[in-house]
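**Q** test case, fold it:
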Amino acid sequence: MNRQKPDSRELLRRISKLSSDAEWTPDENQEVLAEAGIRATEVTERIVRLVERGKRESPLHWKTRAEALRRSLLQRVHSSIAAEVAGLNRSQLFDKVQEAIRRLPDPVGQRYAVAFRKFEEATEDDLRSMLEELAVVAEMERDQH
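**A** Numbers count the residues shown, from 1 in each chain. Next up, the predicted model:
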């Protein structure tokens, strides 16, 4: 039995041959790889580690993390706001929006109040949506400080 490990080209040739020989069982495939000095689980684990590292180092990885954080934040906020405003009438919702704006730090609260200065005309659904948005802004402000 040859104890010398195959080079990359030979390894790929053997893998190609194994994959084209469909009648081989997984155990037979493992045996052939083992005879070639290759431990399939080690190769697989190494490839998985390389893929994970590649994903972490990818320029797009921050987008994945940011999207996961965004989904988590929105889910938390939506659940808490939905429970908080369930059954409130338009006037009560309006008061909640005003209160939420007052609780924001000054520059942020002022910008929000100016941007939505006519929210008195908003529907109940719009007011609920504004409360969710205000909760997200407040949560982001807390995270930054």
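**Q** just the CA atoms of the strand or helix carrying residue 16, as CSV, please.
**A** If you go by DSSP states H and E, residue 16 is part of helix 8-20. Output in CSV follows, covering the C-alpha atoms of helix 8-20 (Å, rounded to 0.1, in the frame of the first residue of the first chain):
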residue,chain,number,x,y,z
SER,A,8,-4.1,18.0,-5.4
ARG,A,9,-4.5,16.9,-9.0
GLU,A,10,-4.5,13.3,-8.1
LEU,A,11,-6.9,13.9,-5.2
LEU,A,12,-9.4,15.6,-7.5
ARG,A,13,-9.0,12.8,-10.0
ARG,A,14,-9.8,10.3,-7.3
ILE,A,15,-12.8,12.3,-6.0
SER,A,16,-14.1,12.6,-9.6
LYS,A,17,-13.8,8.9,-10.0
LEU,A,18,-15.5,8.2,-6.7
SER,A,19,-18.4,10.5,-7.6
SER,A,20,-18.8,9.0,-11.0
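**Q** show the subsequent helix or strand relative to it.
**A** helix 26-35.
**Q** quick check, pLDDT for residue 48.
**A** If you check residue 48, the pLDDT there is 90.
**Q** quick one on the thing from earlier: rounded mean pLDDT for the helix holding residue 16, please.
**A** Mean predicted confidence for helix 8-20 is 75.
**Q** helices and strands around it, which ones?
**A** Applying 3 or more Cβ pairs under 8 Å, 6 or more residues apart in numbering; DSSP states H and E, one finds that helix 8-20 contacts helix 26-35. To be clear about C-beta, it is placed using only N, CA and C from the backbone, and glycine gets the same treatment.
**Q** got the CA positions of the one helix or strand residue 101 maps to in PDB?
**A** Applying DSSP H and E as the criterion places residue 101 in helix 90-103. Coordinates of each C-alpha in helix 90-103 appear next as PDB, following Å, rounded to 0.1, in the frame of the first residue of the first chain:
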ATOM      1  CA  ARG A  90     -57.100  57.400  18.100                       C
ATOM      2  CA  SER A  91     -56.800  60.000  20.800                       C
ATOM      3  CA  GLN A  92     -54.800  57.700  23.100                       C
ATOM      4  CA  LEU A  93     -52.500  56.700  20.200                       C
ATOM      5  CA  PHE A  94     -51.900  60.300  19.400                       C
ATOM      6  CA  ASP A  95     -51.000  61.000  23.100                       C
ATOM      7  CA  LYS A  96     -48.600  58.000  23.000                       C
ATOM      8  CA  VAL A  97     -46.900  59.400  19.900                       C
ATOM      9  CA  GLN A  98     -46.400  62.800  21.500                       C
ATOM     10  CA  GLU A  99     -45.000  61.100  24.600                       C
ATOM     11  CA  ALA A 100     -42.600  58.900  22.600                       C
ATOM     12  CA  ILE A 101     -41.300  62.000  20.800                       C
ATOM     13  CA  ARG A 102     -40.800  63.900  24.100                       C
ATOM     14  CA  ARG A 103     -38.700  60.900  25.400                       C
END
